[in-house]
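**Q** Here is my input; please provide its structure:
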Amino acid sequence: MMQPVVALVVAILVIAVAALIAWPRVGLWARFQTMRSRTARALIEDALKHLYDYEYKSVSCTLESLSGALSISSDDASRLVARLGALHLLAHKGQLLRLTPEGRSYALRVIRMHRLWERYLSDQTDLGEAEWHAKAEKQEHLLTPEQADALAERLGHPVFDPHGDPIPTAGGSIPPPQGMPLTSMKLGEMAGIVHVEDEPEAVYAQLVAQRLFPGMQVRMTDRAPERLLLEVDGNEVALAPVVAANVTVVPLKRAEQAREPFGTLSALRPGEIAVVRGISAGCHGVQRRRLMDLGVVPGTEVRAELESVSGDPVAYLIRGATIALRKQQAELIYVDKPKGKS
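**A** Presented below is the predicted three-dimensional model:
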């Protein structure tokens, strides 16, 4: 026979395990149900985003494109479409899928949260560009509209995310797409980058490695079937056409183009002096604020003081203070042609 003490211990353990599993809101079963609910909602919201993206770009969306975009089987995509239809978020037109007004409004709310969060990561953190999208993909399903509004206010109600995509307003307004693919530029034409597509990830990584960001000026200097040669903010960049197609530009009028040649701070030799023209659009968040706090703003005179033995970092005299900057940082600072040594 089981001893009373042992029986009591066993009973307590059974009750504890049952409570751990079945306790309302915090039990394992409740957490599982919540996670499953969130996963289902995330799938719905991802589908709405995909449908809206196709609609925004005037591209027809089908069951196959939805299946491919969400990496789910055709059967799962069919069930998802049926679910969206039952929720009055989606309508069929033959084989084509289109959003209802309710579905479009829902999609814009999710897109607003995603792009606001990317703007936050870009401006307020030191995370690298490659991390923004994945983190925003998770956060977009967790933010409430009220939290999104508070975030927008904190950020000063930004109009675009760091990739150049417009951020929908709280009321669901969004400007139409603008610009053309970089591959459509003519030889010698000057344009401004307005958007850099962040998917697929491998292509975006190449664009980041070349330091291509919205706000930069680009000139087509040579083009061939296998390669485009560009001058981007004073630097020479070579891109494969398939990569360049993920960059959107708008032609610049003569008055909008940089009139004088400029270089980067990294080109200064010890003793040379130059005046800051600006900071690259590729410099974000904490790093950008640090440079500005150090006095790196347009009009500031900078003198290269001393190189380390390896040549990196270099000490610069900025507003009476000697500041050491790595070459990678100095390349993000645009300056006029050096005045010479003093």
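**Q** Can you show me the helices along the stretch 201-342 of the chain?
**A** 201-209, 241-244, 285-293, 327-330 (DSSP state H, counting those that start in this stretch).
**Q** Now render those helices as CSV, adding mean pLDDT, distance to G128 and mean neighbour count.
**A** Every residue, glycine included, has its C-beta placed from N, CA and C. Listed next are the helices of the stretch 201-342 of the chain as CSV, based on pLDDT from 0 to 100; distance: least, Cβ to Cβ, whole Å; neighbours: other Cβ atoms under 10 Å:
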stretch, mean pLDDT, distance to G128, mean neighbour count
helix 201-209, 89, 8, 15
helix 241-244, 94, 19, 18
helix 285-293, 83, 10, 15
helix 327-330, 85, 12, 17
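**Q** Indicate which one of the ones you listed is closest to M216.
**A** Comparing those by their distance to M216 (Cβ to Cβ), the top pick is helix 201-209, with 11.1 Å.
**Q** Show me the one of the helices of the stretch 201-342 of the chain that comes nearest L121.
**A** Evaluated over these, closeness to L121 peaks at helix 285-293, with 7.6 Å, by Cβ to Cβ.
**Q** returning to what we had before: right, and the helices of the stretch 201-342 of the chain - which one's nearest A267?
**A** From those, taking Cβ to Cβ, the stretch that ends up closest is helix 327-330, at 8.4 Å.
**Q** Pull the residues that contact the closest one.
**A** Outside of helix 327-330, the residues within contact range by Cβ atoms under 8 Å, 6 or more residues apart in numbering are T264, L265, S266, L268, Q287, L291, G311, D312, P313, V314, Y316.
**Q** Give me the distance from that helix to the chain's centre.
**A** 22 Å (Cα atoms, centre = their mean, to the nearest Å).
**Q** Repeat that for stretch 298-314.
**A** Centroid separation for stretch 298-314 versus its chain: 31 Å, with Cα atoms, centre = their mean.
**Q** Please renumber the chain so that the first residue is 151 from this point on.
**A** That works, and once the first residue is 151, the last one we named lands at stretch 448-464.
**Q** which regions of the stretch 351-492 of the chain sit below the pLDDT cut-off?
**A** Judged against pLDDT under 70, the low-scoring parts of the stretch 351-492 of the chain cover residues 404-412, 488-492.
**Q** how about TSV for the helices of the stretch 351-492 of the chain, with distance to P327 added?
**A** Putting the helices of the stretch 351-492 of the chain into TSV (distance: least, Cβ to Cβ, whole Å) gives the following:
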stretch	distance to P327
helix 351-359	18
helix 391-394	18
helix 435-443	27
helix 477-480	33
